[in-house]
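Asks: any chance you can model this:
(chains A and B)
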Number of protein chains: 2
Amino acid sequence: MKLSCTQENLTAGLEAVAPVAGRGGSLPILQNILLEAQAGSLRLKATNLEIGVTAEVRGKIEQEGTFTVNGRLFAEYVRLLPADKVDMELSGDHLEIRGAGQQTKIHGLSAEEFPVIPEVAGRATFKIDAHLARAALSQVLFSVATTDTRPEISGALVKASGQSLTFVGTDSYRLAERSLELKTEITAPVQAIVPLRTMQELTRMLSGAEGELEITLSDNQVLFSFSDIELVSRLIVGNFPDYTQIIPQNSKTTVTLDKEPLVRAIKSASLFCRSGLNHVTFQFSQDRILVSASASNLGENIIEVPAKVEGADTDIVFDYRFVLDGLSAIDGSEAGLKLSGGTSPGVFTPIEDGYLYLVMPIRQ
Amino acid sequence: MKLSCTQENLTAGLEAVAPVAGRGGSLPILQNILLEAQAGSLRLKATNLEIGVTAEVRGKIEQEGTFTVNGRLFAEYVRLLPADKVDMELSGDHLEIRGAGQQTKIHGLSAEEFPVIPEVAGRATFKIDAHLARAALSQVLFSVATTDTRPEISGALVKASGQSLTFVGTDSYRLAERSLELKTEITAPVQAIVPLRTMQELTRMLSGAEGELEITLSDNQVLFSFSDIELVSRLIVGNFPDYTQIIPQNSKTTVTLDKEPLVRAIKSASLFCRSGLNHVTFQFSQDRILVSASASNLGENIIEVPAKVEGADTDIVFDYRFVLDGLSAIDGSEAGLKLSGGTSPGVFTPIEDGYLYLVMPIRQ
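Replies: Residues are numbered from 1 along each chain as shown, chains lettered A, B, ... in the order given. Have a look, this model is predicted:
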């Protein structure tokens, strides 16, 4: 194996794949990145057996070949190189790298031991704008359950139907749903649960990505393709809860609020929550929200926030962290909130459509 | 106690004192800040029994009095208030705070339980520019020993003599010394060892400070005064090592180097250090430095960095972290280095005078 490429291109490819290598795997080969110099291009691959990622790097292949080197070491080393041509050559059990003033040997392992990243035979394929997909994921992923006690909600639901793609995340205390318009219409509806970790890696890799994100679903795998990157992941087997049932269809109270003063009031009240609890009381009436909390050992705090409140007066208690999460996920300076009494979920929405954030109340 | 002041002034005072409250003390009262509304001004005090800090806050005292409230809670609460007038009144065991749309009670404790912060009867007093003092401390404190096994180096040496003030820090592996010009001449030389923690708090509080820093030394205490803040601390009892002995008086090799490419080379070489060790080899000759490291399980890396090297060729091994620390503490894009062979300390200096950073070599 003998090849050259630019430091910039190699760094971009390594930034995509290296974080997947060496995480959560005990096999030493999983710490490594596979370099495949074949058919006129360099392909970098990493896998943790659950996620596999491939990045294509433009370069000049003088001699084809394959090899694996430690992902973290190789990525950090290349990142520190000057922005110039990088010459690489396999020599025994080392990758030799030469550049201006540099002489480097990185110890590696044969490519034969590296696990095969599976191909995904598509059941359905659809395309969305990569930039919009990333923004949508950032509005949903924080609501996904981080424990494995209920595997079916430890990932994000991806469902496509007609010309609409929807991402949903829930941890049973709150739920976020975001819809996007597909570029082409889907003939038969499909849905799948993608592990949170996969979605987090995808979000990271989409940072700065231009163009389209193509999603291909098979029965037990998903493939995300964009720019020169392919991300393959297993799917979660299970039935995502029928969350549409818990979204109240009618509301008794409709609120339009400025996010900033409400966030400030919630943070202030939160200082007075009883230790270990995060209960903040919200009292909605005609033209204001009263935000309050108290604990005998700390004191109490009541803050009045002006808001437009239509319909019935309502008192409700939320875990304040969930409310803050939702408000920060909503674009713009204003938000809408629909309530159906103090024991039904509150539904936050932006002023525009396409996003919904539901929080369960705390019953006292 | 009844008073009012602006949120901005109160926040500034609390930012100085609150971090000292509730750290490293098991007494509940030490979590609290003392409010003294007396003689036309509000004084905020916090102590951890080793450090005591007082901040004076301009305000309108309607009724004198004293009280203590939890420092963290009070500081965070006030920080979140709008930039407006804050009205405070003592009511039973609560501090009541009222402002636009806010009603708050903060539970507190009587001021009688609060420890007295000692007065410092001066043995010597001297003044320096507060901004320069902060910059000087940031060049020295990172070298101070962070363990207590040798108490005499677990603080920074402060010595004043003639018209010069010097800060010194060492952990026995490296040493940093920074001198400043005093505004007035000292009649008799003085020196003291100030605990690292005190100096770190001082550096934090000096952030953005204008004007002069006055330092008053007594036999066992030190007082730092600036703006509306006073910081009192115990001194460390012991003899600071006679560090001037280890600074080589003559050098065999004199190097002038560009910091940036050397830092980059060191970071690159450091990736190839043997696990748990931080040994990087530096080879100095006529017009270059070779920076290298190797480990059989990782590989090896040799980088050539152009530099002006006068005198004898020298090979030396340093803990690379200490070299990076020193280079980042040196102002400007260039640095000087004096060497006296591979088994003597290396002495880094800026191109201008006033700062010195010495690193012990690793003997192989």
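Asks: which residues of the stretch 51-200 of chain A lie near chain B?
Replies: Contact residues (Cβ under 8 Å from any Cβ of the partner chain) of the stretch 51-200 of chain A with chain B: A:70, A:73, A:76-77, A:80-81, A:94-95, A:101-107. Glycine gets a C-beta too; all of them are placed from N, C-alpha and C.
Asks: among the residues you listed, which ones are buried?
Replies: The neighbour-count test (16 or more other Cβ atoms under 10 Å in any protein chain shown) marks A:70, A:73, A:76-77, A:80-81, A:94-95, A:101-102, A:104-107 as buried among these.
Asks: next, give me the two most distant ones among these.
Replies: Using Cβ to Cβ, those reach their maximum pairwise distance at A:70 and A:101, which is 22.8 Å.
Asks: tell me where chain A has helices.
Replies: For chain A, the helices defined by DSSP state H cover A:7-17, A:71-80, A:130-140, A:196-206, A:259-270, A:320-329.
Asks: mean pLDDT added to those helices, as TSV?
Replies: Output for the helices of chain A, formatted as TSV (pLDDT from 0 to 100):
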stretch	mean pLDDT
helix A:7-17	96
helix A:71-80	95
helix A:130-140	97
helix A:196-206	97
helix A:259-270	97
helix A:320-329	98
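Asks: any chance of these in TSV with distance to residue A:363 as columns?
Replies: Shown next, in TSV, are the helices of chain A (distance: least, Cβ to Cβ, whole Å):
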stretch	distance to residue A:363
helix A:7-17	46
helix A:71-80	48
helix A:130-140	26
helix A:196-206	28
helix A:259-270	19
helix A:320-329	15
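Asks: residue A:21 contacts residue A:29, correct?
Replies: No - shown here, residue A:21 and residue A:29 do not form a contact pair, counting by Cβ atoms under 8 Å, at 9.5 Å.
Asks: these two: who's more crowded?
Replies: Shown here are residue A:21 and residue A:29; by other Cβ atoms under 10 Å in any protein chain shown, residue A:21 has more neighbours (27 against 17).
Asks: enumerate every residue touching the more buried one.
Replies: Residue A:21 is in contact with A:30-33, A:46-48, A:70-72, counting by Cβ atoms under 8 Å, 6 or more residues apart in numbering or on different chains.
Asks: nearest to chain B, of those?
Replies: residue A:70 (7.2 Å; Cβ to the nearest Cβ).
Asks: what residues does the closest one make contact with?
Replies: So residue A:70 contacts A:21-22, A:31-33, A:106-108, B:298 (Cβ under 8 Å, 6+ apart).
Asks: can you flag which of those residues belong to strands?
Replies: Counting by DSSP state E, those place A:32-33, A:106-108 in strands.
Asks: pLDDT added to these, as JSON lines?
Replies: Below are those laid out as JSON lines (pLDDT from 0 to 100):
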{"residue": "A:32", "pLDDT": "96"}
{"residue": "A:33", "pLDDT": "97"}
{"residue": "A:106", "pLDDT": "97"}
{"residue": "A:107", "pLDDT": "96"}
{"residue": "A:108", "pLDDT": "96"}
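Asks: so can I have TSV of those showing distance to residue B:59?
Replies: Output for the ones in strands among the contacts of residue A:70, formatted as TSV (distance: Cβ to Cβ, whole Å):
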residue	distance to residue B:59
A:32	64
A:33	62
A:106	64
A:107	66
A:108	68
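Asks: what's the farthest-apart pair in those residues?
Replies: Using Cβ to Cβ, the ones in strands among the contacts of residue A:70 span at most 13.2 Å, a distance reached by A:33 and A:107.
Asks: ok, residue A:184 to chain B distance?
Replies: Taking Cβ to the nearest Cβ, to the nearest Å as the measure, residue A:184 and chain B are separated by 46 Å.
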